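Q: Structural data only, the sequence is not supplied:
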Ligand SMILES: C[C@@H](C(=O)O)C(=O)SCCNC(=O)CCNC(=O)[C@H](O)C(C)(C)COP(=O)(O)OP(=O)(O)OC[C@H]1O[C@@H](n2cnc3c(N)ncnc32)[C@H](O)[C@@H]1OP(=O)(O)O
Ligand SMILES: [Co+2]
């Protein structure tokens, strides 16, 4: 089951500048900054009620964020949905004909296991599924 929009990912060129900008916009500071080397990103998170804004800066030239900014410029990169059971949801969406970018859940930022769906099947919007690791461990 899909539970809510967990976060919206925004690709930025310069994290420090964008963190300042979003801090002014929201009138609050980011609650964490975390590098996810396996994704080639540095992230910063702002809590916005039930959901979060994730700023993403590329940490190397092969990063999906570097490629995205090269092609499209800065802006909304993905929408992440929290799911109750990521493996079940991946199986369901695969059977519905969506293309999973990763076959197995992988470690994301902010204590989550994540999986991406290819934007070609989802009207050009990159979708991330995520489940908190605590929930998975508790099973
Ligand atoms: C830390 C974690 C977390 O929250 O926990 C994160 O969010 S990590 C967030 C960073 N990680 C990821 O994004 C991982 C999943 N992403 C990927 O695997 C990749 O970026 C793909 C989405 C498969 C695209 O890679 P690929 O090498 O195919 O790049 P490409 O530049 O040739 O793009 C192929 C086509 O997809 C489009 N495309 C690329 N990125 C897109 C995006 N974010 N939203 C919508 N469309 C996108 C391109 O414009 C292009 O369209 P045309 O063919 O029409 O020109
Ligand atoms: Co994300």
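A: That came through fine. If you're wondering where the values come from, they're calculated on a predicted model, not measured in any experiment. Residues are numbered from 1 along each chain as shown. Ligands and ions are numbered 1, 2, ... in the order given.

Q: drop to CA atoms for contacts and neighbour counts, all remaining ones
A: Fine.

Q: if you average pLDDT over stretch 75-86, what comes out?
A: Stretch 75-86 carries an average pLDDT of 98.

Q: anything in it near ligand 1?
A: Yes - counting by C-alpha under 6 Å from any ligand atom, ligand 1 has neighbours in stretch 75-86: 77-78.

Q: Dihedrals phi and psi, the residue lying closest to residue 51 once chain neighbours are set aside?
A: Computed as C-alpha to C-alpha, 6 or more residues apart in numbering, the closest residue to residue 51 that is not its neighbour in sequence is residue 6, at 5.0 Å. The phi and psi torsions at residue 6 (degrees, to the nearest 10) take the values phi -80, psi -50.

Q: Please give me every residue in contact with residue 6.
A: The neighbours of residue 6, taking C-alpha atoms under 8 Å, 6 or more residues apart in numbering as the test, are 50-52, 79-82, 130.

Q: Could you report the neighbour count for residue 25?
A: Applying other C-alpha atoms under 10 Å, we find 10 residues neighbouring residue 25.

Q: Contact partners for it?
A: Residue 25 makes contact with no residue under the criterion C-alpha under 8 Å, 6+ apart.

Q: Before we go further, residue 29 is sitting in a helix, right?
A: No - counting by DSSP: H, G, I helix; E, B strand; the rest coil, residue 29 is not part of a helix but coil.

Q: Please tell me how far it sits from residue 94.
A: Using C-alpha to C-alpha, to the nearest Å, one gets 38 Å for the distance from residue 29 to residue 94.
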